[in-house]
Structure formats: structure tokens, C-alpha cells
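Asker: Quick one: sequence plus predicted model below, questions after.
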Amino acid sequence: MTALSWIGSLWLALSNIIGPFYGWFIVKVGYKWMLITALVLCTLSMMLSSIATQMWHLYLTQGLLSGIGASLVWFPCISAAQQWFSKRRGLSVGIAISGSGFGGLVLANVVQAAMDRLGHQWALRIVGFISFVCLSIAACTVRPLNEMSEKNIKVFDLTPFRNKQFILLFCVQFIGNFAFNVPSSFLPAYADYLHLNPWIGTNMSAIISGVMIVGKISSGWISDYVGRANMTFFVTTMTGVMCLAVWLPAKNAATVWAFAALFGYFGGGHLTMVPALLGQVVGMEDIEAANGLLFFAWFFGGLFGSPICSVLIDEKSGNPRYDHAIIFGGVLMIFAGLLAWTVRVMRSGWYPFIKV
């Protein structure tokens, strides 16, 4: 695993770092000041990284500052979507989470165009300006449905773990993120390994992000009609099945593209459905604390998922074993799907044809 790859892992881990303390942050700091702080950190991280001259500068800027800033903006935006909508909660969460897909699709092309014309320093500054504008809008508009009371507020609130269904949903998130990292991090490298057209590997992440927009929004919308527990089980399991059934035997560009589209759709659905289901599992009274803990489960997969897969692939051996990482990711995601099915059974029994 390269030093640059560790920057991405550090960012992904830190983007969930405030999770266990999120309920306390909401009461003591509030949405407004969390988002303003995120605005400053995310903008500053891009501006400072544009003048970086050593690798450790990027660890501090794009890894540390940007990661913490992302954590401060992520939780309020997802929590607000869960709180303000009930009947259409799946769709609202899907739209909120789809913003990351738009970012991956649009910013990848903006950055590449800026680098080609202006160089990498101005490309980073342009991303900083875009972050400033977008986060300014969020800071002015995102608010909770109801203000939390300071009575009996805990710095580290583990109350949601008294709920068995939440424990299972936490495990779905924890296990699923280890698995999710395999295709999201290594599919472009796999395209290069097969000696496919370099354009494929270069644009793979942007294409996946684009399809994820559709998957996130449509799965949320469908779940409002068929049941969020049902949809969580379906998209999580199908993400794992696609790894084993489509990616594992893929040896040509057509199959790699097919998997990228299927992973983008079902993987995007998985990212939407777990938080969309959370409101049903814990109720609105515990939603802030539960959100923080649920997304903190991403911390471990974000930090260690890619390094584990790098070891399994063993690129330095001269004979990379991508099949090991693919099986690892596929099996873990299917297991996460079975845990999601267990949540569904605990809520409404074994009969499959009811809305849950």
C-alpha cells in the first residue's frame, strides 16, 4: 500500500471520528457551529495542501484536517434528513447521501481539467473554493427537527447498544465497510492488471460514483414502498453476490464495466439503506447517539480495510491475487446481508411478503 493510499484511509477513518461523541456535540455545539467549523477545516485543508512540499504535509491537511471537517459536516446532514421525513425517509436519506456521488462524479473531472490547464496547486485551490460555497449553503440551511435537551446528556452515549436490533445494524455497518473497500479501492487497479484501456482505470471511480447516485436515490425511494428492512437486506446481499458472481470471473472490459455498474447501484443502495433503517430501529429519541455510533463503525474498515486487501492481493510478489481480496469482500458483504435479514426477522417474523 502506497503512502498516498494511507492519506485516503486516514481521511475515511477520521471522517467518522466524532461518532461516539456526536450526541454531546449536538447539544453543546449545535448543527450551525459544527457546520461552520467544517467549512473552515475543509476549505483550509485544500488551500494548505496546495502549498505542501512534503508527504507529511498532506497527512496533516488532506488526511487530518479534511477528515475531521468531513466528520463535522456528515453527521448533521444525514441526521437532519432522517428527522425531517418519516413516510419518505428512505428517499430523503438517499438524496442526502447521493451528494457524495455527485462529488465523486463532478469533482474528479473538474480536478483533472484544472490540473491539465492550471497545475495541481490551483486544482486543489479550486476544490477549496467549491467546498467553501457548498458548505456555506449547508451551514445556513441544515437544522435539526427538535433541539436536544441538555438533561442527562452523556459525552459518550452507549444507550443504543441496549437495543439488539441496533447491535446487529452496527455489525452490518462494521463488516460491510471492510467489504465495501475492496471494489471501491481496487477495481481501477484491477482494470490496469488486466491491461485494459488506461481510460477505463482512470475513469472507473467517476463512473461508479455516477451510478451510485442512481442506486442511492432509487433504493431509498423503493424502500418507502417495499420496506426499509427488506431493501437493506436485498441491496447489501446483492453487493456481495455481484463481487463473487461478476467481478471474480471478470477477464475483459465488458465484464469489468458490468460489475462497476452493478456495484455502483447495489453498493450505493447499501450506503443509503442502513442509515434509512436506523430511524425505525431506534426511534427519533435516540437517533443522534445512534447515528454517531453507527457511522463510527466505518472507522475501522476505513482505516484497515484497504491495507488488509493490499496484503491479500500482494502486488509486490509479481503475481497479484485479486481473487483473494474479491472473495474476502464478497463473503463479508453477504454475511452483512444475512445480519440485515436477521434485523428484518426480529421486526416482523419470517414471512417475506410484507413491508418491513
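Answerer: Received, thanks.
Asker: and the residue lying closest to residue 22 once chain neighbours are set aside, how many neighbours?
Answerer: Excluding its sequence neighbours, the residue lying closest to residue 22 (C-beta to C-beta, 6 or more residues apart in numbering) is residue 292, at 2.9 Å. Just so you know, the C-beta spots here come from the backbone N, C-alpha and C atoms, and that holds for glycine as well. By the criterion of other C-beta atoms under 10 Å, residue 292 has 25 neighbours.
Asker: Hmm, residue 292 is touching residue 18, no?
Answerer: Yes. Here residue 292 lies in contact with residue 18, judged by C-beta atoms under 8 Å, at a distance of 7.0 Å.
Asker: if I look at the two, which residues touch both of them?
Answerer: residue 75 (C-beta atoms under 8 Å, 6 or more residues apart in numbering).
Asker: contact partners of the host helix or strand of the residue nearest to residue 22?
Answerer: Using DSSP states H and E, the element containing residue 292 is helix 287-296. With C-beta under 8 Å, 6+ apart as the test, helix 287-296 has contacts from 16-23, 26, 74-75, 78-79, 82-83, 148, 157-161, 166, 169-170, 173, 274-275, 278-279, 281-282.
Asker: Next, the buried residues of the next helix or strand after that helix.
Answerer: Under the assignment DSSP H and E, the closest C-terminal helix or strand after helix 287-296 is helix 298-313. By neighbour count with 16 or more other C-beta atoms under 10 Å, helix 298-313 contains the buried residues 298, 299, 301, 302, 303, 305, 306, 308, 309, 310, 312, 313.
Asker: Put together JSON lines for those, with distance to residue 137 and pLDDT on each row.
Answerer: Output for the buried residues of helix 298-313, formatted as JSON lines (distance: C-beta to C-beta, whole Å; pLDDT from 0 to 100):
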{"residue": "298", "distance to residue 137": "25", "pLDDT": "81"}
{"residue": "299", "distance to residue 137": "27", "pLDDT": "79"}
{"residue": "301", "distance to residue 137": "30", "pLDDT": "79"}
{"residue": "302", "distance to residue 137": "26", "pLDDT": "73"}
{"residue": "303", "distance to residue 137": "30", "pLDDT": "75"}
{"residue": "305", "distance to residue 137": "31", "pLDDT": "80"}
{"residue": "306", "distance to residue 137": "32", "pLDDT": "79"}
{"residue": "308", "distance to residue 137": "37", "pLDDT": "85"}
{"residue": "309", "distance to residue 137": "36", "pLDDT": "83"}
{"residue": "310", "distance to residue 137": "37", "pLDDT": "83"}
{"residue": "312", "distance to residue 137": "41", "pLDDT": "86"}
{"residue": "313", "distance to residue 137": "40", "pLDDT": "84"}
